[in-house]
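In: all I have is the shape, not the residue letters:
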């Protein structure tokens, strides 16, 4: 690179000025922090007021808070917490009402069979799935910010809740229960499911109070997709006994999927031919209809309601053929009309279900927020993650008082609502009306509905989750690390359980972030020819280098996990450590033998934060540079990092004149210093 300056190793005194500015362009004068404040003015100094008693100061603070609670302040708060007050006055009645009505009715019709089917996953009677398809939908319409989001029963949450219910209220070993004993068992299970919903709602409201909507960023897309894909496999295996007409105890805990498969294979000779036939015919109808709805989505005015048609056909067939009495086919039975009495869940159950409520709350928030964000970006509006926490928290909390199990946004019904022409949350009201009509008047028509049909609806609704695995080749090409996160999470969910798999996926995802910060490349910079810009040396050969000057850019947060790497890199570049064979060479270091470093410029623009350990490391570096006679300059250090460094005692070792707002200004100051105290400059080196 010295060839850029004619390959000379020394220069005459009259050439010094040209070598100081090697491109013939005079660099601007160095701009230190003190010089910047002198030119443009520093922060306004607050007038020091005499100390006043604490009580009057608190009184003035309370008066200020009270002034914000005026009528206008209360109205702004109401607008923020009740979104319909914002979008309803702007509602385009002629353009949107018909679409919302059609979409709401369509989704409501699908909610009825899916709600009853997902209630079986939760191990509670089917009617409680209808309750969970009514109250949460109504509440989210009033509090949610996702205009195209459809809430209700979700297979993943139902499976997680069912595992808690089966663990806390297991099926008796004898299995033959009288009618009264079955009612008591169902009541206990409903109480546990409602307690799980209550606990998850309280946790989400606590997250809202702490404004923890940002936590959705920690549940990455690979983790969420792997979780739902693995849970879909759990749903498929858990429904095999119902498909085959087998009465088997539900397996819970680690390796439950494999235990269920083993139990099904063992009991396969005892399967019911009638229920097996019903299951085969149901899947033969549902799966092609699902495929038609997807392939001809743009041509169909509304999706074909395959679930509803299947429910009607199966109910009529079972009633006319008396399948329940002749072939012992399990049916839904009588659905009680009306609503259950509001009942506070048993508080004694809360400590036992807290470990189950936390992952359910996280999955609810992650799936709902990510799904709402997808459609918000598609239709150019914004959602409020913290308001979503409030909406789903209140939805789970209030609905648990009416014996509902946990709920969230659902993938299938949200896609159905958008395809059917839904525009706003008003579609949820029409959906609630459909479910309400079933609860009040149409419940007896589902008496003869075979439970095997509900199991088939569960399996067919997992179609989208199974097909998420088709994205794996593309994910492998884009990011091998995200592919690893996806696979680790999926394997953990399948082999262990949904909640444990979620924990493994989140921990592994965070560990990949930590590991990537440990493998960051510290870049050595050089002056790009013809500009005042400093670029990494490895990017181009047309960069100028200065003997005795080292410019380093450290592009990662400086905290306890990276302080050792930071120390090793700086020791290598500055010659503090022994550059032996056992010491690995940091990335970005030139293989050229260097002169002793006289001035080092540390570009801290990539250091977004620094903790106490990292700040002490910088302060120690300043002391070692001062002892070694190396002039240390810091450039582009943001305010929060500089404040942390100051508290660690950095300004006891460097002066404010050694802090610069840009690398260019620091380099100009370094060139001046090297010309005065160092050898004549004829080449530029890092």
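Out: In hand now; what should we look at? This structure is a prediction, so every number in the text was calculated from the model and none was measured. Numbering: from 1, shown residues only.
In: from the contact counts, what lies against the longest helix along the chain?
Out: Identified as the longest helix of the chain according to DSSP state H is helix 179-209. Judged by 3 or more C-beta pairs under 8 Å, 6 or more residues apart in numbering; DSSP states H and E, helix 179-209 is in contact with helix 155-168, helix 350-378, helix 385-400. All C-beta spots, glycine's among them, are computed from the backbone N, C-alpha and C.
In: of those helices, give the one that comes closest to residue 478.
Out: Set against residue 478 and scored by C-beta to C-beta, these come closest in helix 350-378, at 17.9 Å.
In: what helices and strands are in contact with that closest one?
Out: Helices and strands touching helix 350-378, by 3+ C-beta pairs under 8 Å, 6+ apart, are helix 155-168, helix 179-209, helix 221-238, helix 385-400, strand 408-409, helix 411-419, helix 498-518.
In: among the ones you listed, which is nearest residue 310?
Out: Across these, residue 310 has its closest neighbour in helix 411-419 (15.0 Å, C-beta to C-beta).
In: next SSE after that closest one?
Out: helix 426-437 (DSSP states H and E).
In: who's in contact with that next one?
Out: Helix 426-437 is contacted from outside by 91, 96-97, 99-101, 103-105, 107-109, 111-112, 115, 130, 133-134, 137-138, 140-141, 150-151, 417, using C-beta atoms under 8 Å, 6 or more residues apart in numbering.
In: which non-adjacent residue is nearest residue 263?
Out: Leaving aside its sequence neighbours, residue 263 sits nearest to residue 248 (C-beta to C-beta, 6 or more residues apart in numbering; 5.3 Å).
In: can you name the residues that contact that neighbour?
Out: By C-beta under 8 Å, 6+ apart, the contact list for residue 248 reads 241, 260, 263, 264, 267.
In: so who does the first one touch?
Out: Under the criterion of C-beta under 8 Å, 6+ apart, the contact partners of residue 241 comprise 247, 248, 260, 263, 264, 267.
In: closest to residue 548 among these?
Out: residue 260 (71.0 Å).
In: one step back: which among the contacts of residue 241 end up buried?
Out: The neighbour-count test (16 or more other C-beta atoms under 10 Å) marks 248, 260, 263, 264 as buried among these.
In: in CSV: those, plus secondary structure.
Out: Listed next are the buried ones among the contacts of residue 241 as CSV, based on DSSP: H, G, I helix; E, B strand; the rest coil:
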residue, secondary structure
248, coil
260, helix
263, helix
264, helix
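In: okay if I get those as CSV plus distance to residue 71?
Out: Formatted as CSV, the buried ones among the contacts of residue 241 follow (distance: C-beta to C-beta, whole Å):
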residue, distance to residue 71
248, 62
260, 60
263, 64
264, 64
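In: residues contacting stretch 193-205, please?
Out: With C-beta under 8 Å, 6+ apart, stretch 193-205 has contacts from 122-124, 128, 161, 164-165, 343, 345-346, 349-350, 353-354, 356-358, 360-361, 364-365, 389-390, 392-401, 403-407.
In: where in the stretch 51-200 of the chain is pLDDT low?
Out: 51-70, 173-176 (pLDDT under 70).
In: show me where it has its strands.
Out: Along the stretch 51-200 of the chain, counting by DSSP state E, counting those that start in this stretch, strands occupy 151-152.
In: before we move on, the earlier item: to residue 313, which of the helices and strands packed on helix 179-209 lies closest?
Out: Shortest distance between residue 313 and the helices and strands packed on helix 179-209, using C-beta to C-beta, is found for helix 155-168: 23.0 Å.
In: so how far is the closest one from its chain's centroid?
Out: Put simply, helix 155-168 sits 22 Å off its chain's centre (C-alpha atoms, centre = their mean, to the nearest Å).
In: quick one, that helix and helix 179-209 angle?
Out: Per axes from the mean of the first three to the mean of the last three C-alpha atoms, to 10 degrees, the angle that helix 155-168 makes with helix 179-209 is 120 degrees.
In: buried ones in helix 155-168?
Out: 155-166, 168.
In: same check, this time on stretch 323-333
Out: By 16+ other C-beta under 10 Å, the buried positions in stretch 323-333 come out as 323, 324, 327, 329, 330, 331, 332.
In: Throw the helices and strands packed on helix 350-378 into a markdown table and include distance to residue 562, thanks.
Out: As requested, the helices and strands packed on helix 350-378 are exported to a markdown table (distance: least, C-beta to C-beta, whole Å):
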| stretch | distance to residue 562 |
| --- | --- |
| helix 155-168 | 36 |
| helix 179-209 | 29 |
| helix 221-238 | 24 |
| helix 385-400 | 29 |
| strand 408-409 | 37 |
| helix 411-419 | 39 |
| helix 498-518 | 6 |
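In: relative to residue 490, which of those is closest?
Out: For the helices and strands packed on helix 350-378, the distance to residue 490 is smallest for helix 221-238, at 4.1 Å, taking C-beta to C-beta.
In: from residue 145, how far off is residue 244?
Out: As defined by C-beta to C-beta, to the nearest Å, residue 244 lies at a distance of 44 Å from residue 145.
In: between those two, who's got more neighbours?
Out: The residue with more neighbours, out of residue 244 and residue 145, is residue 145; 23 against 20, by other C-beta atoms under 10 Å.
In: dump the residue contacts of that one.
Out: Shown in contact with residue 145 (C-beta under 8 Å, 6+ apart): 83, 372, 382, 383, 384, 387, 388, 391.
In: related to what we said a few turns ago, between the buried ones among the contacts of residue 241, which is nearest residue 222?
Out: Using C-beta to C-beta, residue 260 comes nearest to residue 222 of the buried ones among the contacts of residue 241, at 26.4 Å.
In: I'd say the closest one and residue 238 touch.
Out: Yes - at 6.4 Å, residue 260 counts as touching residue 238 under the criterion of C-beta atoms under 8 Å.
In: got any residues that touch both of those two?
Out: In contact with both residue 260 and residue 238: residue 250, using C-beta under 8 Å, 6+ apart.
In: hang on, the earlier thing: farthest pair in the contacts of residue 241?
Out: Counting by C-beta to C-beta, the most remote pair of the contacts of residue 241 is 247 and 260, 13.4 Å apart.
In: now stretch 381-388: mean pLDDT?
Out: Averaged across stretch 381-388, the pLDDT comes to 87.
In: contacts for that stretch next, please.
Out: 80-81, 83, 143-147, 208, 211-214, 216, 365, 368-369, 372-373, 376.
In: now it: buried residues?
Out: 383, 384, 385, 386, 387, 388.
In: same thing with stretch 234-249?
Out: 234-246, 248.
In: ok, so of the residues you listed, who is nearest residue 566?
Out: Relative to residue 566, the closest of the buried residues of stretch 234-249 is residue 234; by C-beta to C-beta it sits at 44.5 Å.
In: where does this structure dip in pLDDT?
Out: 1-70, 173-176, 216-217, 518-546, 577-595, 675-686.
In: would CSV of the buried residues of helix 155-168 with distance to residue 72 be doable?
Out: Below are those laid out as CSV (distance: C-beta to C-beta, whole Å):
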residue, distance to residue 72
155, 45
156, 43
157, 40
158, 44
159, 47
160, 44
161, 43
162, 48
163, 49
164, 46
165, 48
166, 52
168, 49
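In: residue 612: which of those residues is nearest?
Out: residue 160 (39.5 Å).
In: and the closest residue to that closest one other than its chain neighbours, what does it touch?
Out: Take residue 160 and drop its neighbours on the chain: the residue closest to it by C-beta to C-beta, 6+ apart is residue 498, 5.1 Å away. Residue 498 makes contact with 156, 159, 160, 163, 227, 230, 231, 234, 359, according to C-beta under 8 Å, 6+ apart.
In: ok, now which ones touch the residue nearest to residue 421 when sequence neighbours are not counted?
Out: Among residues not flanking residue 421 along the chain, residue 99 sits closest, at 3.4 Å (C-beta to C-beta, 6+ apart). By C-beta under 8 Å, 6+ apart, residue 99 lies in contact with 420, 421, 422, 423, 427.
In: tell me which two of those sit farthest apart.
Out: It's 420 and 423 that sit farthest apart of the contacts of residue 99, by C-beta to C-beta, at 10.5 Å.
In: find residues that contact each of the two.
Out: Shared contacts of residue 420 and residue 423 (C-beta under 8 Å, 6+ apart): 99, 103.
In: what is the nearest of the contacts of residue 241 to residue 516?
Out: Of these, the one sitting nearest to residue 516 (C-beta to C-beta) turns out to be residue 260, at 38.0 Å.
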